[in-house]
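Novice: only geometry, no sequence info:
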């Protein structure tokens, strides 16, 4: 049996639930009435087999809410807080701190608890970004390189032109030129332009 695309199945289901006849659905969708009848039977079978929506008495009591979570217990590392903070100031890694706690302080907890506790004590400074400001005309960026193969005007030859872009820092205005010959003189002339 051929299977209809999902959107057509949904269309048939919607129109059947709206009370349209098979002939009306055929006219609207262009799907054969026999196919519509097959899908209508399948929908009826699914409805008969489904348990449906659970119904109850109108004064039904809703289920109780889950109990509120108790506050988290103190970490096994809390008694050693001063030692861990001192070691973090010396820039020691978590494994070294854990090993010292086990060897020298009789710590019985897991490494992961030390790692979590020490990680919560570390204060990460945001990365610093300096904003550079320039007066108008004070600085510019120059990009100079090869372009893609391009057909030279008036010939059948292809060459790679040189591309020049100068961008002013203050206004972000840019000057762009394409040149076919590259030399010191061309470079200087492009800067002057």
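Specialist: In hand now; what should we look at? All values derive from a computational prediction rather than experimental measurement. Numbering: from 1, shown residues only.
Novice: domain parsing of this structure, as residue ranges.
Specialist: 6-48, 78-121, 140-192 (automatic domain parsing).
Novice: what about the strands in this structure?
Specialist: 140-146, 150-151, 158-159, 162-168, 174-179 (DSSP state E).
Novice: report the distance from the longest helix anywhere in the chain to the chain centre.
Specialist: The longest helix of the chain (DSSP state H) is helix 33-49. Taking the mean of its C-alpha atoms, helix 33-49 sits 42 Å from the chain's own mean (CA atoms, centre = their mean, to the nearest Å).
Novice: for residue 183, see how far away residue 162 is.
Specialist: Taking CB to CB, to the nearest Å as the measure, residue 162 falls 10 Å from residue 183. Where C-beta positions appear, they are placed from N, C-alpha and C, glycine not excepted.
Novice: residue 90 now?
Specialist: Taking CB to CB, one finds residue 90 at 59 Å from residue 183.
Novice: ditto for residue 50
Specialist: Following CB to CB, the distance that separates residue 50 from residue 183 is 83 Å.
Novice: do residue 135 as well
Specialist: 32 Å.
Novice: which residues in this structure form helices?
Specialist: Going by DSSP H, the chain shows helices at 6-17, 22-29, 33-49, 81-89, 94-105, 111-121, 184-192.
Novice: let me know the angle separating the second one from helix 33-49.
Specialist: Think helix 22-29. 110 degrees (axes from the mean of the first three to the mean of the last three CA atoms, to 10 degrees).
Novice: what is helix 22-29 packed up against?
Specialist: On a contact count with 3 or more CB pairs under 8 Å, 6 or more residues apart in numbering; DSSP states H and E, helix 22-29 meets helix 6-17, helix 33-49.
Novice: among the ones you listed, which is nearest residue 157?
Specialist: Nearest to residue 157, of all those, is helix 6-17, at 55.5 Å by CB to CB.
Novice: distance between the closest one and the chain's centre?
Specialist: 35 Å.
Novice: for it, packing partners?
Specialist: Looks like helix 6-17 contacts helix 22-29, helix 33-49 (3+ CB pairs under 8 Å, 6+ apart).
Novice: just the buried positions in that helix, please.
Specialist: 11-12, 15-16 (16 or more other CB atoms under 10 Å).
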